[in-house]
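**Student:** The following comprises the amino acid sequence and a computationally predicted model.
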2 protein chains.
Amino acid sequence: MTDDQGPLVQIGNLAKELSITTRTIRYYEEIGLMGPSKRSCGGVRSYNRDDVLRIKFILKLKELGISLKEMLSLADTFDTHNQIFDTITPQVLEILDQHVGKVDDKIARLSSLRNDIVSYRKRISDLLQNQSSE
Amino acid sequence: MTDDQGPLVQIGNLAKELSITTRTIRYYEEIGLMGPSKRSCGGVRSYNRDDVLRIKFILKLKELGISLKEMLSLADTFDTHNQIFDTITPQVLEILDQHVGKVDDKIARLSSLRNDIVSYRKRISDLLQNQSSE
DNA sequence: GGGTAAGTTTACGTAAAGGGAAATCACATG
DNA sequence: CATGTGATTTCCCTTTACGTAAACTTACCC
C-alpha cells in the first residue's frame, strides 16, 4: 500500500476543476458519500487521485440520474473495499439496470401524458370552435 | 347574471368528491388559484357549481403536468372574466402547446440518458470482465 | 507583520405541494 | 346544556441537493 497517492489538491481547485462548488464537495462528505477527507495540520482538506476519481464517479452517477441517497446504499461497499472497480461494480451494474427500468417507466408515462395533453387540447379547441360559431 | 349558481357544497364533502384533501383546496385558495371562497355567516367556505368546475379544471391541468405556478399566470385571466371557456381557452391552448414541447424535450433527454446509462453500464461490465480474467 | 484569498464550522434558507397537529369556532342534535 | 363532528387559522415539517451568510482560522505573498 502506497501512502503516496499522487499530488494532493485543495478543495477550491478541485471544485473548479470539476465545475462544482466547494459546498458540494463538503456536502458529499457531510452525508457520508466521501468518507472523512485527509486534513493538513491546520485542518485544511486535501484530496488525492483516488478521492478525485471517487467524486468523478459520484458525479457520473448523478448525471445518470442516480440520487445521492441511492449512492449512499452503495457507499458501504465503497468503504469496505478501497478498490472501486472490483467489489463495487456488480452492485453498480444492478443499480444501473434498475435505473434503466425507471427511466423506461418515466418515458412511458411521459408519452402517455403527451397523448392526454394533445387529446385534451383538442377537446378544448373544439369547444372553442363551437362557441364562436354560435 | 344569476346569483343562484346551483347547490352549495362545503369543503369536506367537496374534497371527498374530488378525492383530494381539504388542505389542498384551502391551499389553492391560499396561493390565489381559487380566489376567496364565499363564506357562510360563521365563516364556513361554500362552493357552487362554477367553483367546482374550476377546481376540476385545475386538477386536470395538474394531472397534465402543468405546475400551480404556471396556472397562476393564467389566474388573472381566470379572474377578469368569469366565463372559463371563452376568453381563457386560447391561453390554455398556448400553455398546453408549450407543455407538449416541454414533455417532448423531457422524453428526448430521458432517451439520451438511457443511452448514456446503457453505454456506461457496458463500460463497467467490460472492465469487470477484464479484471476477472487477469 | 500586514493584507487578503481561501479555508473552516454552524446553521438557516430554498423550491413544490401540500401533510399534520394544535387550538379555537360553528353547527346540529339528544 | 353538553357534546360531537367538522371547519377555521396558524405554524412547523417533509424531501433533495445544495446556496448563502456569519464568524473565524490558515496559508501565502510582500
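**Tutor:** Perfect, I can see it now.
**Student:** Extract the C-alpha set from the helix or strand harbouring A:Lys56 and format it as PDB.
**Tutor:** Assigned by DSSP states H and E, A:Lys56 belongs to helix A:49-63. Below are the C-alpha coordinates for helix A:49-63, written out as PDB (Å, rounded to 0.1, in the frame of the first residue of the first chain):
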ATOM      1  CA  ARG A  49      -6.100  10.900  -7.100                       C
ATOM      2  CA  ASP A  50      -8.400   8.300  -5.700                       C
ATOM      3  CA  ASP A  51     -10.500  10.800  -3.900                       C
ATOM      4  CA  VAL A  52     -10.900  12.700  -7.200                       C
ATOM      5  CA  LEU A  53     -11.800   9.500  -9.000                       C
ATOM      6  CA  ARG A  54     -14.400   8.800  -6.400                       C
ATOM      7  CA  ILE A  55     -16.000  12.300  -6.800                       C
ATOM      8  CA  LYS A  56     -15.900  12.000 -10.500                       C
ATOM      9  CA  PHE A  57     -17.700   8.600 -10.200                       C
ATOM     10  CA  ILE A  58     -20.300  10.200  -8.000                       C
ATOM     11  CA  LEU A  59     -20.900  13.000 -10.400                       C
ATOM     12  CA  LYS A  60     -21.200  10.500 -13.300                       C
ATOM     13  CA  LEU A  61     -23.800   8.500 -11.400                       C
ATOM     14  CA  LYS A  62     -25.600  11.700 -10.600                       C
ATOM     15  CA  GLU A  63     -25.500  12.700 -14.200                       C
END
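**Student:** wait, does that helix make contact with DNA strand C?
**Tutor:** No: if you take C-beta under 7 Å from any atom of the strand as the test, helix A:49-63 misses DNA strand C, and the best it gets is 12.3 Å. Heads up, the C-betas are built off the backbone N, CA and C, glycines and all.
**Student:** now that helix, how far from the chain's geometric center?
**Tutor:** Remark: helix A:49-63 is offset 9 Å from the chain centroid, using C-alpha atoms, centre = their mean, to the nearest Å.
**Student:** for chain A, longest helix please?
**Tutor:** Secondary structure of chain A per DSSP state H: the longest helix is helix A:84-132.
**Student:** what's that helix packed up against?
**Tutor:** If you count contacts as 3 or more C-beta pairs under 8 Å, 6 or more residues apart in numbering or on different chains; DSSP states H and E, helix A:84-132 packs onto helix A:49-63, helix A:68-80, helix B:84-132.
**Student:** any residues touching the helix holding A:Lys56, and which ones?
**Tutor:** A:5-7, A:9, A:14, A:18, A:20, A:25, A:28, A:33-34, A:37, A:47, A:68, A:71, A:78, A:82, A:84, A:92, B:116, B:120 (C-beta atoms under 8 Å, 6 or more residues apart in numbering or on different chains).
**Student:** Kindly give a single ChimeraX line that selects the buried subset of those.
**Tutor:** Selection of buried members from these for ChimeraX, criterion 16 or more other C-beta atoms under 10 Å in any protein chain shown:
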select /A:9,14,20,25,28,33,34,37,47,71,78,92 /B:120
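**Student:** near DNA strand D, which of the contacts of helix A:49-63 show up?
**Tutor:** Among the contacts of helix A:49-63, DNA strand D is touched by A:20, A:68 when using C-beta under 7 Å from any atom of the strand.
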